[in-house]
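> below: sequence and its predicted model.
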Amino acid sequence: MVSFVTPIAPLFVPGSRPDRFAKADNSGTDAIILDLEDAVAPADKDHAREAVVAHAAALKSPVTIRINAAGTFWYEADIDAVRRLDGVAIMLPKAERPEDIANLTGRVARDVCVIALVETAFGLANLPDILATLGVVAVAFGSVDFSLDLGCAHDRLSLLAARHEIVWRSRAAGRTAPIDGITTDLGSPEIAEDDARHAMKMGFGGKMAIHPRQIEPIGRAFRPGLSEIAWARDIVGAASLGEAIQVNGEMVDRPVIERARRILRRAALV
């Protein structure tokens, strides 16, 4: 399987807006999602596909292309387009059946990273089989569509169980940490940061952004704070052979030491 690292704040850009591609590339995001699906009106699908094929290779940031869902009118043309682009990942919306992913990777006919976008109860029910499908490197949570499918509120409590399952099943399958869904509020960076911190605490590796102003708040949430880094340094500095010790009055054993090391790795200090 090809290597894939979960991006922290991948930014959606409508494929029908090539004038925004370079701006997104210089926005500070660590990945760009060129969208051929929800952000593009049906009348603009062909234009968007052509723009993505024409410009994707020129972008410096890692590129993921969200194609239209299997069974839609545009799906076949989307696959034919991404086959012409080397080095891009593919996000499959409404991921529900392993056979759809197998068909996708078979049609692309090369090693490709597939991000399965889980947006329905049926997709969540089939998540173990989806994660076991060749080509799938990560899961993303389409929380807005998921809440619509369930008829539940798009809030933390209502989606808590789904988020937990996506995280622990991704880990059990040996896949990289999943990507959380979007924050729809564009007017408050504080809300985006708070949502991202909630996702980070639950075990997600990143959170999708729909506007450049959300990138930095999401990044702040996923980066360890100064007090967290100081705590981790104290733990790692005091640990020798991994036996139970006390640091600043706290009982510390192997799992705590490993957590501290992970914090320092996230902060790029070790």
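On my side now, so go ahead. Computed from a predicted structure; not experimentally measured. Numbering: from 1, shown residues only.
> list the buried residues of stretch 263-270.
Within stretch 263-270, the residues scored as buried using 16 or more other Cβ atoms under 10 Å are 263-264, 266-267. Backbone N, C-alpha and C define where each C-beta goes, glycine included.
> give me the subset of the residues you listed lying in helices.
Residues of these located in helices (DSSP state H): 263-264, 266.
> could you list the low-pLDDT ranges of the stretch 51-200 of the chain?
By pLDDT under 70, the stretch 51-200 of the chain has no low-scoring segment.
> so which residues of it form helices?
All helices of the stretch 51-200 of the chain, identified by DSSP state H, counting those that start in this stretch, fall at 75-82, 98-108, 121-125, 127-131, 143-150, 156-172, 189-202.
> need those helices in CSV (columns: mean neighbour count and distance to residue 45).
Output for the helices of the stretch 51-200 of the chain, formatted as CSV (neighbours: other Cβ atoms under 10 Å; distance: least, Cβ to Cβ, whole Å):
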stretch, mean neighbour count, distance to residue 45
helix 75-82, 18, 8
helix 98-108, 17, 18
helix 121-125, 17, 23
helix 127-131, 19, 25
helix 143-150, 18, 19
helix 156-172, 16, 29
helix 189-202, 19, 29
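> please tabulate the ones you listed in TSV, including the columns distance to residue 257.
Below are these laid out as TSV (distance: least, Cβ to Cβ, whole Å):
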stretch	distance to residue 257
helix 75-82	43
helix 98-108	38
helix 121-125	34
helix 127-131	29
helix 143-150	34
helix 156-172	20
helix 189-202	20
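> and which of the buried residues of stretch 263-270 is nearest residue 102?
If you rank the buried residues of stretch 263-270 by distance to residue 102 using Cβ to Cβ, residue 266 comes first, at 33.7 Å.
> gap between the closest one and residue 156?
Residue 266 is 23 Å from residue 156, where distance means Cβ to Cβ, to the nearest Å.
> with respect to residue 194, which of the ones in helices among the buried residues of stretch 263-270 is nearest?
For those, the nearest to residue 194 is residue 266 (18.8 Å; Cβ to Cβ).
> ok, now which ones touch the closest residue to the closest one other than its chain neighbours?
Distances taken as Cβ to Cβ, 6 or more residues apart in numbering place residue 224 nearest to residue 266, at 5.5 Å, with adjacent residues excluded. Contacts for residue 224 (Cβ atoms under 8 Å, 6 or more residues apart in numbering) come out as 232, 263-264, 266-267.
> same deal with residue 69?
By Cβ under 8 Å, 6+ apart, the contact set of residue 69 is 37, 75, 92-94.
> what do you get if the cut-off is 10 Å, keeping everything else the same?
Residues in contact with residue 69 (Cβ atoms under 10 Å, 6 or more residues apart in numbering) are 37, 75, 78, 92-96, 100, 117, 119.
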